[in-house]
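Colleague: okay, predicted coordinates and the sequence, questions at the end:
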Amino acid sequence: MPVYRSVVCPFCGCLCDDLEITVEDNRIVKVRNGCAISTSKFLHHHENRVENPLIDGKPVALEEAVKEAAEILKSARRPLIYGLSSTECGAIAKAIELAELIGGVVDNTASVCHGPTILALQTLGESKCTLGTVRNRADLIIYWGCNPLEAHIRHLTRYSAMARGLYTSGGRKDRYVVAVDVRETRMKRVADLFLKVNPGGDYELLSALRAVVRGYGLDVDEVSGVPRDVILELAERMKKSRFGAIFFGLGLTQSEGRHMNIEAAIGLVADLNHHTKFVLIPMRGHYNVAGANTVTTWQTGYPYAVDFSRGYPRYNPGEYTAVDLLARGEADAALIIASDPAAHLPYKAARRLAEIPTIVLDPKRSMTSMISRVVIPTAAAGIEAEGTAYRMDGIPIRLKKLMEPPEGVLPDAEVLSLIIEEVMR
Amino acid sequence: MNLIIKGGYVYDPINKVNGEKMDIYIKDGKIVEELPEHKAKVIDASGMVVMPGGVDLHSHIAGSKINLGRLLRPEDHRKDPVPRTRVTRAGVGYSCPSTYIAGYRYAQMGYTTVMEPAMPPLGARHVHEELNDTPIVDKSAYPLFGNNYFVLKYVREGDLEMLKAFIAWLMRATRGYAIKIVNPGGVESWKWGKNVDGLDDTVEGFDVTPRQIITSLARANEELGLPHTIHLHCNNLGVPGNYQTTLETMRAVEDVKPKEGRENTLHIVHCQFNALAGDSWATLRSGAPEIAKYVNSHRHVTLDLGQVIFTDTTTMTGDGPWQFRLYNLTGNKWVNSDVEMEAGAGVVPYTFRKKNPVNAIQWAIGLELALLIYDPWRVYMTTDHPNGGPFTFYPKVIAWLMSRKARTDTMLEIHRAAMRKTTLADIYREYDFYEIAITTRAAPAKVLGLGEKGHLGPGADGDVAIYDINPTEWRPSMYREVEKAFSRAKYTIKGGEIVVVDGEVVSTPLGKTYWVDVEIPEDLEGELMKDLEEGFRNYYTISLSNYPVEDAYLPVQRRVEVVGWR
């Protein structure tokens, strides 16, 4: 009964790499150290699989499905390749190569999560660090518009609020923890200070904090539902901390203001660096969404929303992003890799996916697979296939292969290589 | 395929060939004595310059830092889009080129070996993944040591044996090639928002000084006998008056005994940025003459230029506190990135302007260093890509080195500070093709310890650059022609394969990655592993067993074995 140690969890951007997984008869029977989500993902890995390559719902041979996929992509005028955040980097590289070859658009799920974070970075930059730096040094941690207790479950114990490190041997005791959200989440119980900000009020609150840090007074009683005294005190605490970190999530990136919110946070953190050391770290969701941005950037110069229709890469979020391309009715074929846009994109975009010939590569059945012309099952990266994934802070980690995929099922990268060969033929 | 390169003027300084007309033979990717003509493809190089393929020992082309630069600067890419061709991939160029384009453009200039000089060990996989997507050129990467927790610990404890063991282990774990040190101690202090201000300042929290870090690493490097010396980005980079820190640094390692067979123990990188005299930006002047004077009388130092180009570029270093300083000087966008236990980095876009007095002085300093140091075997042409300017401007630097007229023409266009605060206008020296061949290939290959690179003797790699310029007819006043010729090689041959014809890429083989493997004595390794296990468990966020780079990341590798303990 093989037990694999130091296994990397391919679920969220934490990429915890200390799991112990027991495999029996090519099935995962035991998971140690995993969070509830991770354990569930591993233990239910064998369920709900796509069993066969399908065309229009009918089982076909892999070669046939690949041929049909290549035909669709070749004859399309505005093909879209989308997804990529839950697969390994080799597949992402192949997807970009294919997009270049067919003159298509390649986008990843960052465009619906931390895309605004990247836009803000392109405007102002950012001050960041790896998670271990927070573990070892941070004495002030602020969670803004994110809820790691429910979304990145081991984040607090492994990397942030509770973690013990080089200069933080007391763990939680050595830190002051703040949570900011529009409603009281479970983070309130963890935090020393919980700020309930009015919906859409993040930009204002961040700007008020920044003004105070810069030495201006506040001549209002409250900002976005937070009393003046609390703001003054928090600003003082930020300046006096030895090492401060702000983690932020979609509460900041996808609410009113979007990239402007992040710009306000970046400005605040930059100003704080004149007083002490301060960093800002996005809580990336899917386990390799950071990798999707990273690979796309080194190959094309741009992190997502890349259009190859003119033979060279062009970048314009809002124009070449999947939601916009689909909702405008512009994409006339789609290849979805390791993602379920039919379940998550806005209605108009999802409906377009059902109208056009869609191809999906996924280990499991999904809403998208149900509306797709071609479905090709693939091996699950991190369980049935190796490869690289980038943690939310940009650290590359090697995913392990724990078991064989079902017979005849190939990893995403290999299926994409077959499609590329077929397109070039 | 076998090749004969016929009738060119060959410049092969390692073999003391200075512009002689001779034929070069390549068989199975290697240079050989001779080949029968009917068994080979013949390239007519008559009237042209033939050199070994270029070797760049310091260019930021791969890894998290350059990729942050790419991410940060869509406006930079939009100046220089590159479409797909039948043989090449699409991408972008200018100051932060995508990986494919970097490989192509080096080859187009006749370069066949490029070293990434700053690899954060935790990000080693990222560096190797990008190097694998950088076609044609051979390459390697230098892991960062100067602010590593274990290095500081062993330096503090004065335990040179453990330091050596750790170096050997980290080279293998990251598949690295040389010891890179960036602002020793300063980057660690920067994790608290601080810096060190000189060789004898104390590193926050560690009770060691930059001087101790540098000398210990230099000593360990030479005792292990690694192929390259330590590769040092000095303290106080970009600070007026810092040439004194640089001189002090050079003096600090004077008594380090070099490994057998070489005289040098220290390579100072992008020295231009560390050769500033004066007390402030207002009183800034060149410190290059003082540095050149020292280097001319001491054999243990080599350096590269970090030449400034007047253009918009992207600065990126492992020197976090310097990048913060530059952000405050410019108000441009700023990325900071600290890496737990090991390193840091920063990125700030920057434009070197002709009319800016500081930039004009910086431009002159780089050239002064190249021209005032007599021995071209110890001063190498770089722009510290992309810090001083993109590597694609190398032909311009070659023109400045080869032609006083080129320098004068530039000096007339730029701020008068270049005339007043530097000695450049008084320098009449002009490099010839032989010296260019030394500074751009032979010497960097030699200082890197790459025996099969940088020359055209039998056994060398079949890496050859052919430039369409006739050295017997060329005069320094024709500097634009030399710039043109070096911009687009007539032919570039990599490992015996023709990769560039008339400046266009015609094939894109994957080059090899060099790394250094030193075997650690068993007892020492056991002791080291105990330390590492404890350190990783308590302070790192990835498991020790998931840390070393797997062979899967080096599809074409060249392991350089070193016997570190005898």
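Modeller: Done, it's in.
Colleague: for the rest of this, base every contact and every neighbour count on C-alpha atoms.
Modeller: Fine.
Colleague: how about low-confidence regions in chain A?
Modeller: Within chain A, not a single segment meets pLDDT under 70.
Colleague: outline the domain layout of it.
Modeller: Using automatic domain parsing, the domain ranges for chain A come out as A:50-113+A:287-382+A:403-424, A:115-282.
Colleague: B:L401 in helix, strand or coil?
Modeller: helix (DSSP: H, G, I helix; E, B strand; the rest coil).
Colleague: what about it, how many residues nearby?
Modeller: By the measure other CA atoms under 10 Å in any protein chain shown, the count of residues near B:L401 is 25.
Colleague: how about A:A380?
Modeller: Considering only other CA under 10 Å, A:A380 is surrounded by 26 other residues.
Colleague: apart from its chain neighbours, what residue comes closest to it?
Modeller: Leaving aside its chain neighbours, A:A380 sits nearest to A:P363 (5.8 Å; criterion: CA to CA, 6 or more residues apart in numbering or on different chains).
Colleague: ditto for A:C89
Modeller: A:T388 (5.4 Å).
Colleague: next: B:S59.
Modeller: Spatial nearest neighbour of B:S59, chain neighbours left out: B:H385 (4.9 Å); criterion: CA to CA, 6+ apart.
Colleague: just A:G57 next, same as before
Modeller: Closest residue to A:G57 apart from its sequence neighbours, by CA to CA, 6+ apart: A:R373 at 7.4 Å.
Colleague: same check, this time on A:L193
Modeller: A:V178 (4.8 Å).
Colleague: show me what contacts that neighbour?
Modeller: Contacts for A:V178 (CA atoms under 8 Å, 6 or more residues apart in numbering or on different chains) come out as A:L140, A:I141, A:I142, A:Y143, A:A191, A:D192, A:L193, A:F194, A:L195.
Colleague: go with 6 Å
Modeller: A:I142, A:A191, A:D192, A:L193, A:F194 (CA atoms under 6 Å, 6 or more residues apart in numbering or on different chains).
Colleague: out of the residues you listed, which sit inside strands?
Modeller: Judged by DSSP state E, strands contain the following of those: A:I142, A:L193, A:F194.
Colleague: closest to chain B out of those residues?
Modeller: Chain B has its nearest neighbour among the ones in strands among the contacts of A:V178 in A:I142, at 17.8 Å by CA to the nearest CA.
Colleague: and the residue nearest to A:G57, how far from B:A443?
Modeller: 60 Å (CA to CA, to the nearest Å).
Colleague: more neighbours, these two?
Modeller: Shown here are A:R373 and B:A443; by other CA under 10 Å, B:A443 has more neighbours (27 against 24).
Colleague: for the more buried one, which non-adjacent residue is closest in space?
Modeller: With CA to CA, 6+ apart, the residue lying closest to B:A443 is B:W377, at 4.9 Å.
Colleague: what is the burial count for that neighbour?
Modeller: 21.
Colleague: what kind of secondary structure is it in?
Modeller: Per three-state DSSP, B:W377 ends up helix.
Colleague: gap between it and B:V464?
Modeller: Counting by CA to CA - B:W377 and B:V464 are separated by 20 Å.
Colleague: following the chain past the helix or strand encompassing B:M115, name the next helix or strand.
Modeller: Using DSSP states H and E, B:M115 maps to strand B:111-119. Following strand B:111-119 in sequence order, the next helix or strand is helix B:124-132 (DSSP H and E).
Colleague: now the stretch 251-400 of chain A against chain B: closest residue?
Modeller: Closest point on the stretch 251-400 of chain A to chain B, by CA to the nearest CA, is A:Y312, at 4.1 Å.
Colleague: quick one: contacts for that residue?
Modeller: A:Y312 touches B:V82, B:P83, B:A90, counting by CA under 6 Å, 6+ apart.
Colleague: could you redo the last one with a cut-off of 10 Å?
Modeller: Shown in contact with A:Y312 (CA atoms under 10 Å, 6 or more residues apart in numbering or on different chains): A:100, A:103, A:300, A:306, B:80-85, B:89-92.
Colleague: host element of it?
Modeller: Going by DSSP H and E, A:Y312 is not part of any helix or strand.
Colleague: excluding sequence neighbours, find me the nearest residue to it.
Modeller: B:P83 (4.1 Å).
Colleague: which pLDDT value belongs to that neighbour?
Modeller: If you check B:P83, the pLDDT there is 98.
Colleague: now B:I101
Modeller: So, for B:I101, pLDDT stands at 98.
Colleague: name the SS class of it, please.
Modeller: Assignment for B:I101 (three-state DSSP): helix.
Colleague: what's the answer for B:G459, then?
Modeller: coil.
Colleague: what's the distance between it and B:V55?
Modeller: 17 Å.
Colleague: pairing partners for the strand holding B:M115, with directions?
Modeller: Looking at strand B:111-119 with DSSP bridges, its partner strands are strand B:54-56 (parallel), strand B:138-143 (parallel).
Colleague: quick one, helices of the stretch 101-250 of chain A?
Modeller: Along the stretch 101-250 of chain A, counting by DSSP state H, counting those that start in this stretch, helices occupy A:115-124, A:131-137, A:148-151, A:155-158, A:187-190, A:202-213, A:228-240, A:250-253.
Colleague: for the stretch 101-250 of chain B, same thing?
Modeller: Counting by DSSP H, counting those that start in this stretch, the helices of the stretch 101-250 of chain B are B:124-132, B:149-157, B:160-174, B:186-190, B:210-224, B:243-252.
Colleague: show me the contacts for B:H77.
Modeller: A:300-302, A:313-315, B:70-71, B:91-98.
Colleague: geometric centre of chain B: which residue is closest?
Modeller: B:H58 (1.0 Å; CA atoms, centre = their mean).
Colleague: hmm, B:H385 and it touching each other?
Modeller: Yes - in terms of CA atoms under 10 Å, B:H58 counts as a neighbour of B:H385; the distance is 7.5 Å.
Colleague: can you check which residues contact both of these two?
Modeller: What both B:H58 and B:H385 touch, as defined by CA under 10 Å, 6+ apart, is the set B:E116, B:H270, B:G306.
Colleague: can I get these in CSV with pLDDT and neighbour count?
Modeller: Below are the shared contacts of B:H58 and B:H385 laid out as CSV (pLDDT from 0 to 100; neighbours: other CA atoms under 10 Å in any protein chain shown):
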residue, pLDDT, neighbour count
B:E116, 98, 24
B:H270, 98, 28
B:G306, 98, 29
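Colleague: so which bits of the stretch 451-566 of chain B are right by chain A?
Modeller: By CA under 10 Å from any CA of the partner chain, the residues of the stretch 451-566 of chain B that approach chain A are B:535, B:537-550, B:552-553.
Colleague: weed out the non-buried ones from these.
Modeller: The neighbour-count criterion (16 or more other CA atoms under 10 Å in any protein chain shown) marks B:535, B:538-544, B:546-549, B:553 among these as buried.
Colleague: nearest to A:G57, of those?
Modeller: B:Y553 (38.4 Å; CA to CA).
Colleague: can you check what angle separates the strand holding B:M115 from helix B:124-132?
Modeller: 160 degrees (axes from the mean of the first three to the mean of the last three CA atoms, to 10 degrees).
Colleague: quick one: the residue nearest to B:A443 from B:A370, how far?
Modeller: 11 Å.
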